[in-house]
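Undergrad: Requesting a structural model of the entry that follows:
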Amino acid sequence: MLKKRNKLAAARYRKRRVDQTNELIEKVDQLEKEKQGLQKKIEDIDTRKTKHIKVDNMAVIKKQYYKEKLKMKAEQFKAKGATKLKSHKEMMKVIRDMRDI
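TA: Now for the predicted structure:
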């Protein structure tokens, strides 16, 4: 009788150990899938961040370009002198050019 109870207890222990091992394996698989999903999100965020940085840098470059262009137009305007402009049309063209920058 004692041998039989011991044998049953050992079988329950082995089964419990196998069940725990299987649960841990499932948990590890689940966590690995979650980790992959999070890594994908990180990559997506990094990609978007890089694109935004490039766009921001382009905006700064364009701003600098147009600022330089405006300076050149202003210098041209000063060089011609408002009184040396031949007509009202010419003055309006210079003003439109400066505004279009």
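Undergrad: use CA for all of it now, contacts and neighbours both
TA: OK.
Undergrad: Count the residues that sit near Lys40.
TA: 12 (other Cα atoms under 10 Å).
Undergrad: likewise Lys67?
TA: Count around Lys67 with other Cα under 10 Å applied: 13.
Undergrad: Figure out the helix or strand that it lives in.
TA: helix 2-80 (DSSP states H and E).
Undergrad: For that helix, name the packing helices and strands.
TA: With contacts taken as 3 or more Cα pairs under 8 Å, 6 or more residues apart in numbering; DSSP states H and E, helix 2-80 sits against helix 88-100.
Undergrad: Now do the helix it packs on, average pLDDT.
TA: The pLDDT scores in helix 88-100 average 69.
Undergrad: repeat for stretch 46-54
TA: Computed over stretch 46-54, the average pLDDT equals 81.
Undergrad: Same check on stretch 5-16?
TA: So the average pLDDT for stretch 5-16 ends up being 94.
Undergrad: swap in stretch 31-40?
TA: pLDDT averaged over stretch 31-40 gives 94.
Undergrad: Dump it to CSV, restricted to CA.
TA: Extracted in CSV, the C-alpha atoms of stretch 31-40 (Å, rounded to 0.1, in the frame of the first residue of the first chain):
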residue,chain,number,x,y,z
LEU,A,31,7.2,36.7,-24.7
GLU,A,32,9.4,36.1,-27.7
LYS,A,33,6.5,37.0,-30.0
GLU,A,34,5.8,40.1,-27.9
LYS,A,35,9.5,41.0,-28.1
GLN,A,36,9.5,40.7,-31.9
GLY,A,37,6.4,42.9,-32.1
LEU,A,38,8.0,45.6,-29.9
GLN,A,39,11.2,45.5,-31.9
LYS,A,40,9.2,46.0,-35.1
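Undergrad: Can you give the distance of it from its chain's centre?
TA: 19 Å (Cα atoms, centre = their mean, to the nearest Å).
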